[in-house]
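Colleague: Take a look and give me a structure for this.
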Amino acid sequence: MRILRALMSNAASMGKHIDYYSRFSPSPLSMKQFLDFGSGENACEKTSFAFLRQELPVRLANIMKEINLLPDNLLKTPSVRLVQSWYMQSLKDIIDFTDAVIKIRNRHNDVVPTMAQGVVEYKETYGTDPIVSQNVQYFLDRFYMSRISIRMLLNQHTLLFGGKVRVNPAHPKQIGSIDPHCSVTEVVRDAYENARNLCDRYYMNSPELVLEEFNVKDDGKPVTVVYVPSHLYHMVFELFKNAMRATMELYGDSMDYPPVHAQVALGSEDLTVKVSDRGGGVPLRKIERLFTYTYSTAPPPSMDGQRSPLAGYGYGLPISRLYARYFQVLLFQTDMFIPCVLCERIAWFLAFC
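Modeller: Below is the predicted model:
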């Protein structure tokens, strides 16, 4: 708290820097630009450093301006003030930019759950106001998209130039965090196994996976795309968590759980990943709520950090949709109710190639 008070007391002195950098607009980057810069002779540490030095203050200052527009009661919550202090500290560090990129990235590791806790604190104290909720939804979409873009820049720089070895032994073919030949089914299996481990810890059991792969462009070959594996993993992992929780809670103590189905299909113009379950579905009137930050069907998790929650904040699908939007991907969740047939919940997204 002493550090927080010191940072907030320096807010006035940082105001001129925030005003200056927020006058500029962030520079959008495409997947092709990330790849062109990170591959071969184009990969220049000096150029990356110079770009980060100019771009990060602009992105931080712009979102800090928006943070200041939050409702006063939300802005005064301890968790939101803590998040605000992290951004203030990072802008202060960047102004004397040295080797602080990794430190800055790590400082913001817990932004999502901490900001989520701030919203919970606000709701517990002041209740839910539809107008405020709508404004907070708009802000959080922009806030978390800003965070995704900043971490993408930081990860590319630190992975390409942050160590003595340019090639990551664990992922030798990746260019920074981008895999030019990302195996979609491998990522899907990895996401399923980790979601299954989490489900086993909570329910002492978990549904099996039925995985199908279709490659229309090159029949018989594995489906690969140019993508960020960690982004793809995050989206599929959240879909599996939702599917498993719905299945386990609907079938209760039954020892015969229907499997979760995943389909990976590469067409001539797009990639589709579909995750479906028989967990009872979601009423049509509640579909849009699934993508709001103030809605969750589970109780809020504790902030003790001892284990990852299976559900609670309600941020899984909204954040996943932002990861999808970052590289122009679409994420949907639909429910189909068929008379006399078990309800099937389907979640799917398209990655445009």
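Colleague: In terms of helices and strands, where is the nearest residue to Leu70 once chain neighbours are set aside?
Modeller: Closest residue to Leu70 in three dimensions, ignoring its sequence neighbours and counting by C-beta to C-beta, 6 or more residues apart in numbering: Phe139, at 6.3 Å. For every residue, glycine as well, the C-beta is placed using N, CA and C. Using DSSP states H and E, Phe139 maps to helix 130-161.
Colleague: what packs against that helix?
Modeller: Here helix 130-161 is seen to pack against helix 31-38, helix 45-67, helix 101-107, helix 111-126, helix 316-326 when contacts are counted using 3 or more C-beta pairs under 8 Å, 6 or more residues apart in numbering; DSSP states H and E.
Colleague: between the ones you listed, which gets nearest to Asp219?
Modeller: Asp219 lies closest, by C-beta to C-beta, to one member of the helices and strands packed on helix 130-161: helix 31-38, at 25.6 Å.
Colleague: Contact partners for Ser146?
Modeller: Arg59, Asn62, Ile63 (C-beta atoms under 8 Å, 6 or more residues apart in numbering).
Colleague: again with Pro318
Modeller: Contact analysis of Pro318 by C-beta under 8 Å, 6+ apart lists Leu140, Asp141, Tyr144, Phe291, Thr292, Tyr293.
Colleague: confidence score at it?
Modeller: According to the model's per-residue confidence, Pro318 sits at a pLDDT of 90.
Colleague: quick one: Glu45 from Gln156, how far?
Modeller: The gap separating Glu45 from Gln156 is 11 Å, by C-beta to C-beta, to the nearest Å.
Colleague: do Gly314 as well
Modeller: Gly314 sits 30 Å away from Gln156 when distances are taken as C-beta to C-beta.
Colleague: The two: which is more packed in?
Modeller: Between Gly314 and Gln156, counting by other C-beta atoms under 10 Å, Gln156 is the more crowded of the two (24 against 21).
Colleague: from what I can see Arg245 touches Ala195, true?
Modeller: No: counting by C-beta atoms under 8 Å, Arg245 sits too far from Ala195 to count as a contact (9.4 Å).
Colleague: So which of these two has more stuff around it?
Modeller: Taking neighbours as other C-beta under 10 Å, Arg245 and Ala195 compare with Ala195 leading, 24 against 21.
Colleague: So for the host helix or strand of the more buried one, mean pLDDT?
Modeller: Assigned by DSSP H and E, Ala195 belongs to helix 184-203. Taken as a whole, helix 184-203 has a mean pLDDT of 96.
Colleague: And the next helix or strand past that helix?
Modeller: strand 209-215.
Colleague: List the neighbouring strands of that following strand plus their orientation.
Modeller: For strand 209-215, the paired strands and their directions (DSSP bridges) read strand 260-266 (parallel).
Colleague: residues making contact with the partner strand?
Modeller: Judged by C-beta under 8 Å, 6+ apart, the contacts made with strand 260-266 from elsewhere in the structure are 184-185, 188, 192, 207-218, 223, 225, 236, 240, 243-244, 247, 271-277, 353.
Colleague: one more time with 7 Å, if that's ok
Modeller: Among residues not part of strand 260-266, those counted as contacts by C-beta atoms under 7 Å, 6 or more residues apart in numbering are 184-185, 188, 207, 209-217, 223, 240, 243-244, 247, 272-277.
Colleague: Past that strand, which element shows up next along the chain?
Modeller: Once the chain leaves strand 260-266, the following helix or strand, as judged by DSSP H and E, is strand 270-277.
Colleague: Show me which positions of that next one end up buried.
Modeller: Neighbour counts using 16 or more other C-beta atoms under 10 Å place Leu271, Val273, Lys274, Val275, Ser276, Asp277 of strand 270-277 among the buried residues.
Colleague: tell me which strands and helices that strand is in contact with?
Modeller: The contact analysis (3 or more C-beta pairs under 7 Å, 6 or more residues apart in numbering; DSSP states H and E) places strand 270-277 against helix 184-203, helix 229-251, strand 260-266, strand 344-352.
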